[in-house]
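Student: What follows is a protein structure lacking sequence information:
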């Protein structure tokens, strides 16, 4: 690793809560080593869609130009989708001390990302933002670079958690995609409850940020409860999906974690 990194002390990132339940941001001493590359066009927002299933959301704000593919150790079979990281280049010859914040929207399973490595494959725009002004082309020409990273709370200002009903959903198979989750950003489990039910039913993790329930007939309105993967925080959105729900529609709650 480059000499400029030797002075950095690396500790495992630990997220703890204050009495109020607010997520505390880790200190600078908790930066960890990784590597990074970029993909797509030099100043582009990255690829469309991705292995998390966010689809066209990656092309518009607030995700636009902040997307990143990560190696399996951070992707976590899709449960790492939605997590936010600060990534900073360590080569002071071409890099500023500015960190770029990226959102996990995709997985890079091979190449630089294989063999248990911690790697970020960033959009051209995100990668370039780490450079000293005027040196973005030189940084991109380096190819793979050494970086340091840390988890950071996701912040979607003005947004509430939303649930997108995936195409193909029926009264007997309902699939949901979680969007705009502040705080941890990731989802460890989801439960759903029909208005006529007294107990929550656990949903199955399909892939990426997509979850489903099989049963029926499934009658709305539905309440949805999600639990984050990292810190096990729980949020319940009552009757967030209406009685007359439809596939490909997105239903927004009035809640978020921050």
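Tutor: Arrived safely. Nothing here was measured: the structure is a model prediction, and the numbers come from that model.

Student: And the most centrally placed residue in the chain, how far from residue 186?
Tutor: Central residue of the chain (C-alpha atoms, centre = their mean): residue 82, 1.6 Å from the mean position. For residue 82, the distance to residue 186 equals 5 Å [C-beta to C-beta, to the nearest Å]. Glycine gets a C-beta too; all of them are placed from N, C-alpha and C.

Student: thought residue 159 was touching residue 256?
Tutor: Yes. Between residue 159 and residue 256 there is a contact under C-beta atoms under 8 Å: 7.0 Å.

Student: sorry, back to before: for residue 49, see how far away the residue nearest to the centre of the chain is.
Tutor: Look at residue 82 and residue 49: by C-beta to C-beta, they are 15 Å apart.

Student: hmm, back to that, the residue nearest to the centre of the chain touches residue 185, doesn't it?
Tutor: Yes. Residue 82 lies in contact with residue 185 (C-beta under 8 Å); the separation is 4.0 Å.

Student: Which residues are in contact with each of those two?
Tutor: Contact criterion C-beta atoms under 8 Å, 6 or more residues apart in numbering; residues shared by residue 82 and residue 185: 103, 104, 154.

Student: From those, which land in strands?
Tutor: Those of these mapping onto strands are 103, 104, per DSSP state E.

Student: Most neighbours among the shared contacts of residue 82 and residue 185, please name it.
Tutor: residue 104 (29 neighbours; other C-beta atoms under 10 Å).

Student: so what's the residue nearest to it when sequence neighbours are not counted up against?
Tutor: Distances taken as C-beta to C-beta, 6 or more residues apart in numbering place residue 83 nearest to residue 104, at 4.9 Å, with adjacent residues excluded. Residue 83 is in contact with 74, 103, 104, 151, 154, 184, 185, 186, 230, counting by C-beta under 8 Å, 6+ apart.

Student: mind checking which helix or strand residue 125 is in?
Tutor: Here residue 125 sits within helix 124-128, counting by DSSP states H and E.

Student: Show me which residues of the following helix or strand past that helix are buried.
Tutor: Per DSSP H and E, helix 124-128 leads on to helix 136-141 as the next helix or strand towards the C-terminus. Going by neighbour count (16 or more other C-beta atoms under 10 Å), the buried part of helix 136-141 is 136, 139, 140.
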